[in-house]
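A.B. asks: sequence unknown, structure follows:
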DNA sequence: GCTAAATTTGACGTTTACGTAAGGATCGAG
DNA sequence: CTCGATCCTTACGTAAACGTCAAATTTAGC
């Protein structure tokens, strides 16, 4: 029972290069609870990451870079997902549909919140772009009148 | 000659409240060369700001907040405008059209660069939004199948 | 089992972007 | 001219997000 599919795993240095950060950053994020990499890890052993871990890290970095969220804001935004990720390990096992449904139910509002943040930021950028366009048009008009 | 239109002027505390930052921030930005407020100011005298100064500060804050630019990146991005702002004071005076044209000429590429940055950021946000939408759709599909 | 390369833990250092406090000067109203 | 509010300069303090270094360990290959 509890058959594990041999997932390809990466060491911290590989992950760092894959996503473009340093190993320090990855350990720091784990320290903050943003990454649970190998939750069950004997102290001193090397950390191992799955493809899913890498994807999660990439998403965190995107939220950080595109929305300018602090790591503290990130933690509160993904805390639910943290629990979900913990549960997810057992997804493939003997979970009941009811349990699976609960996991999905909890994941949906999280993604919805992220989507809202992204869209709100997009709207503000649109406004800014509009103003800059107007400014540019004004400048060009002046230029024409001066030539 | 050199008739000055009595522009409404604000003290640093007023500006701070208007744009939502502290006076420290404003002085710090001046220290970095981002704001030239009262370039010709006797040491020790109070700083005075015009409506245009306030607008400029607001723009800087938007670039900082929406694009996540560091203050160093901001300085290099607006350095040209800095020179332009210095010249602009004489705009209303005895400038020739050739000089005015030069000012406008130098301002245009600056605004264009800003617009490019904003649009690039917007594209990345759109990509992110698309991915999140897809993820959300997937989750909802799973939810339907489990119910 | 041995060795080189990568990793771990712990701790102190660094940069950015301001916060904060002190002592004195300036400004505007009366 | 006086007084209270606001501001000035100088300087040290701070939080976030890592950087860096050292000594001990672990891991992969032979």
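C.D. replies: Nice, thanks for sending it over. Since we're looking at a predicted model, the values are computed, not measured.
A.B. asks: Around the residue of chain A found nearest DNA strand C, count how many other residues there are.
C.D. replies: Nearest residue of chain A to DNA strand C (CB to the nearest atom of the strand) works out as residue A:13 at 2.7 Å. All C-beta atoms are positioned from the backbone trio N, CA, C, and that covers glycine. Residue A:13 is flanked by 13 other residues according to other CB atoms under 10 Å in any protein chain shown.
A.B. asks: Now do it, the pLDDT please.
C.D. replies: Looking at residue A:13, its pLDDT stands at 98.
A.B. asks: Cross-check the contact I'm expecting between it and residue A:23.
C.D. replies: Yes. Look at residue A:13 against residue A:23 with CB atoms under 8 Å: they come within range, at 6.0 Å.
A.B. asks: What values do phi and psi take at residue A:49?
C.D. replies: Note on residue A:49: its backbone torsions stand at phi -120, psi 150 [degrees, to the nearest 10].
A.B. asks: per-domain residue ranges of chain A.
C.D. replies: Per automatic domain parsing, the domain ranges recorded for chain A read A:7-67, A:69-147.
A.B. asks: Just put those domains in TSV and tack on distance to residue B:125.
C.D. replies: Listed next are those as TSV, based on distance: least, CB to CB, whole Å:
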stretch	distance to residue B:125
domain A:7-67	6
domain A:69-147	5
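A.B. asks: With respect to chain B, which of those lies nearest?
C.D. replies: Chain B lies closest, by CB to the nearest CB, to one member of the domains of chain A: domain A:69-147, at 4.5 Å.
A.B. asks: wait, does that closest one contact chain B?
C.D. replies: Yes. Domain A:69-147 lies within reach of chain B by CB under 8 Å from any CB of the partner chain, at A:97, A:100-101, A:104-105, A:107-108, A:111-112, A:114-115, A:118-119, A:121-122, A:124-126, A:128-129, A:132-133, A:135-136, A:139-140, A:142-143, A:146-147.
A.B. asks: Tell me which of those residues fall in helices.
C.D. replies: A:97, A:100-101, A:104-105, A:107-108, A:111-112, A:114-115, A:118-119, A:121-122, A:124-126, A:128-129, A:132-133, A:135-136, A:139-140, A:142-143, A:146 (DSSP state H).
A.B. asks: Drop anything exposed from those residues.
C.D. replies: For those, a burial check counting by 16 or more other CB atoms under 10 Å in any protein chain shown picks out A:100-101, A:104, A:107, A:111, A:114-115, A:118-119, A:121-122, A:125, A:128-129, A:132, A:135-136, A:139, A:142.
A.B. asks: Just confirm residue A:54 is within a helix.
C.D. replies: Yes. Counting by DSSP: H, G, I helix; E, B strand; the rest coil, residue A:54 is found in a helix.
A.B. asks: I'd say it and residue A:18 touch.
C.D. replies: Yes. Here residue A:54 reaches residue A:18: they are 5.9 Å apart, a contact under CB under 8 Å.
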